[in-house]
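> Here is a sequence together with a model predicted from it:
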Amino acid sequence: MQINGAQDRPGTALLLAAAPTGKGKLTDAGSVIPLLAAVPPAALAGTAAATLIELADPVDPQAVLTRVRGAAATEGPLTVVLVGQLQLDRRQQGVHLALARTTPSTIRYTALPWSWLVAELRQRRPETTTLYVDLVADAEVWQLLDEEPLDFPGGARAYGVVAPPPGRRRIAHPAYTHALAQTLRAGQRLTPDQLHHAALRRAAVAEGALVIGPERPAAPAVNTQLPPARTAPEAPAPIPAVQPQPAPAPAPPQVPAPQPPVQVPTPAARTIGAPMAFPPPPMSSMPTAPAAPAQPQQQAAPPAARVPAAPVQLPPPPPRTQRTVSPVYEPSNAVVPVEQDPHEQITALSKAGRHQEAVALAIAAERRAVQTLGADTFVAVHWIEVRAFLVSVAEDPGASCLLWLQAAQTRLDTLQQAPDAHDVESAVDRAHHQWDRIRDAAQARALAPQLVALRRRVPGRQRAALDAVQRKVERLNSLPA
């Protein structure tokens, strides 16, 4: 979007989404075309009127160059949206934008050299070009970006993300562009900076991705690599033991070693809402905040008493017979204060067995996320998953299964994630796991239809998962009501 004087002229919006059609495909670039096509070109260009140039899965780099050259020759504001993957020409060490017929051996002939694109846009007048990129780099380009940042045309505003290659046999989801389209369809008139930051808040950017754009408060610098997923602050190392002195002076306070608490899942790359990473159900041993330091002793303790204790395992959760009502459904009129990041407090409450208070904080955080960012955001679904995790620790598999099903359904239908996306598969797998733990046959039968429907859409990595659900449903149906 343009907000300078050039916005009085008709603008141009160029949409280029391309990825190989074979096994070398790293990103589902084509999925953004229907969403972006629903956005008025004038909203993309930030002008009263605009022309749209759409290139969906082109095959000829010369034809693409011709269209880019024509768009760059226009006088008015130009907005370019690039979605695809970057691949390296090993012979000349040049970065290329892969097209539909690109293969590793034909990059030089079937892909668009990145330098061509930059050269065409560099000729435009300063401050009249806005570039949004949602790219996935192959392993060789990603390694190259560690040494040299990706080149962008001077005088153009550049925004977006460059993600590392996804795992083997996985295809990345262009979440940034999806969020961009959703924000524009909301009808708000935002500056390019505001639109970029709004998209980052909505999107689940891959862990470690490079964020392209101006620095914002408490955010990574321009074109720098994001830190890895932050689940909880690292606990400080225990203060070493101090030998007692002959004088009866008070000994320095000792800090006991932290114990491994229950981990509340936190989203990766929290500053921009990246995908969440959850520990295996139901518990984890990742440390969070250390225990409170011991009070200073009036007299020096024996040396053996000063050695920090080794970490101990938490006792198992209380048996199901001790629970009567799920904390998720327990009504409460209390006002729950929510800090900027309540994950540490939720972790401490869950570790202490105060499950109702932990879930109440998570519900309050979810409400705030919905009110601030909307229900159709990755942040909102994250808090549903946090609640599902908490009630699984509290030994309520029925409530946990229902929440995981809700999270999976939201990711598929609202956030438009692919059925083979890691977060979608994880949510369905966890719902299946919790469903298997339900001992109440009536409750399991009630949740079975929704689980079966999701399993048909998301079979997961275990091919027999759907068959296992259906066999158990048959057994449940054979039991007396």
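Yep, it's here.
> and stretch 421-436, how far from the chain's centre?
17 Å (CA atoms, centre = their mean, to the nearest Å).
> cool, stretch 119-127 as well?
For stretch 119-127, the distance to the chain centre is 33 Å (CA atoms, centre = their mean).
> Which positions within that stretch qualify as buried?
119-121, 124 (16 or more other CB atoms under 10 Å). Where you see a C-beta, it was placed from the backbone N, CA and C, and this is true even at glycine.
> What of stretch 443-460?
443-445, 447-448, 450-451, 454-455, 458-460.
> So for that stretch, mean pLDDT?
Regarding stretch 443-460, the rounded mean pLDDT is 88.
> about what we covered before: now the two most distant members of the buried residues of stretch 443-460.
Gln443 and Pro459 (24.1 Å; CB to CB).
> Now do the contacts for Leu415.
178, 204, 376-378, 381 (CB atoms under 8 Å, 6 or more residues apart in numbering).
> Show the backbone phi and psi for it.
With angles defined as degrees, to the nearest 10, Leu415 sits at phi -90, psi -10.
> Numbering from 34 from now on, please.
With 34 as the first residue, the last one maps to Leu448.
> ok, it to Leu69 distance?
16 Å (CB to CB, to the nearest Å).
> Find me the pLDDT at the closest residue to Arg124 other than its chain neighbours, would you?
With sequence-adjacent residues excluded and distances taken as CB to CB, 6 or more residues apart in numbering, Arg124 is closest to Arg141, at 7.1 Å. Note on Arg141: pLDDT of 89.
> what's the answer for His129, then?
95.
> just checking, Gln118 touches Asp171?
Yes - between Gln118 and Asp171 a contact is recorded at 6.6 Å, counting by CB atoms under 8 Å.
> okay, and the common contacts of those two?
What both Gln118 and Asp171 touch, as defined by CB under 8 Å, 6+ apart, is the set Leu59.
> ok, these two, which is more surrounded?
Set Gln118 next to Asp171 and count neighbours by other CB atoms under 10 Å: Gln118 wins out with 28 against 21.
> which strand residues sit across from the more buried one in the sheet?
Val169 (DSSP bridges).
> That one: what's it in contact with?
52-53, 58-60, 62, 130-131, 168-171.
> now with 7 Å?
52, 59-60, 131, 168-169, 171 (CB atoms under 7 Å, 6 or more residues apart in numbering).
> can you pick the most crowded of those residues?
Result: Val169 is most packed of those (other CB under 10 Å), 30 neighbours.
> circling back: quick check: the residue nearest to Arg124 vs Ala50, distance?
Taking CB to CB, one finds Arg141 at 22 Å from Ala50.
> The two - which one has more neighbours?
Taking other CB under 10 Å, Arg141 and Ala50 do not tie; Ala50 has more neighbours (24 against 15).
> Which strand residues bridge the more buried one?
Those that pair with Ala50 in a beta bridge, by DSSP bridges, are Ala89, Val116.
> What pLDDT does the model give it?
The model's pLDDT for Ala50 equals 94.
> now do Leu217
88.
> Number of residues surrounding it?
22.
> Also Ala454?
24.
> quick one: contacts for it?
Per CB under 7 Å, 6+ apart, neighbours of Ala454: His206.
> cutoff 8 Å now
So Ala454 contacts 206, 444 (CB under 8 Å, 6+ apart).
> can you tell me the helix or strand for Val92?
Using DSSP states H and E, Val92 is not contained in any helix or strand.
> Would you list the phi and psi of it?
phi -120, psi -20.
> just checking, it touches Thr139?
No - counting by CB under 8 Å, Val92 does not reach Thr139; the two are 11.3 Å apart.
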